[in-house]
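*Asks:* Take a look and give me a structure for this.
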Amino acid sequence: MTVCGVVCESECSAFGDSCKGCRQLDGRVSWVPDIGETTCPIFTYVKESNYTSCGVCSKKPCDIWLIETKKTSVTEQEFFKDINSRLNNLRKSNSCILTKNT
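*Replies:* Alright, predicted model coming up:
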């Protein structure tokens with residue numbers, strides 16, 4: 001699982017082809033050029049904060065999720081469905097602090 005809750009093997013069409021996962025690629029995943037970056041801003045924040053994942057952060061989903069990593073190629077509905085899926089994955093992995101904001 002990625003630091004933001006994506007289960008690479010089942011939820012990422014690029015996994016195994018153009019992507020080996022954010023942890024293995026140190027955040028330089030295949031989709032970041034789509035947002036004009038070289039490294040995933042979520043991965044960078046998690047790493048700089050010494051977190052194991054977004055699951056331990058009380059701010060999720062934060063502006064990095066909601067603004068910085070939003071792709072224009074997906075609809076609002078697809079975008080928020082993805083965010084909810086990732087939050088659920090983090091909860092299921094027991095790496096999530098449950099707060100009123102989640």
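*Asks:* could you point out where this structure is predicted with low confidence?
*Replies:* Filtered on pLDDT under 70, the chain yields the residue ranges 94-102.
*Asks:* now do 90
*Replies:* 1, 8-25, 29-35, 57-60, 70-74, 91-102 (pLDDT under 90).
*Asks:* just checking, what's the longest helix in it?
*Replies:* Longest helix in the chain by number of residues (criterion: DSSP state H): helix 76-92.
*Asks:* Could you pull out the helices in the protein for me?
*Replies:* 8-11, 41-48, 63, 76-92.
*Asks:* just checking, what packs against the shortest one?
*Replies:* With contacts defined as 3 or more Cβ pairs under 8 Å, 6 or more residues apart in numbering; DSSP states H and E, helix 63 has no packing partner among the helices and strands. Bear in mind the C-beta positions are built from the backbone N, C-alpha and C, glycine included.
*Asks:* and it, how far from the chain's centre?
*Replies:* On the basis of Cα atoms, centre = their mean, to the nearest Å, helix 63 sits 12 Å off its chain's mean C-alpha point.
*Asks:* now stretch 67-83
*Replies:* 11 Å.
*Asks:* Surely residue 89 is in contact with residue 8?
*Replies:* No - judged on Cβ atoms under 8 Å, residue 89 makes no contact with residue 8 at a distance of 10.8 Å.
*Asks:* Which one of the two is surrounded by more residues?
*Replies:* Counted by other Cβ atoms under 10 Å, residue 89 and residue 8 do not tie: residue 89 has more neighbours, with 21 against 18.
*Asks:* OK, contacts around the closest residue to residue 68 other than its chain neighbours?
*Replies:* The shortest distance from residue 68 to any non-neighbouring residue, by Cβ to Cβ, 6 or more residues apart in numbering, is to residue 41 (4.6 Å). Going by Cβ atoms under 8 Å, 6 or more residues apart in numbering, residue 41 touches 35, 64, 68, 69.
*Asks:* 6 Å - rerun?
*Replies:* By Cβ atoms under 6 Å, 6 or more residues apart in numbering, the contact set of residue 41 is 64, 68, 69.
*Asks:* Same question for residue 14.
*Replies:* residue 30.
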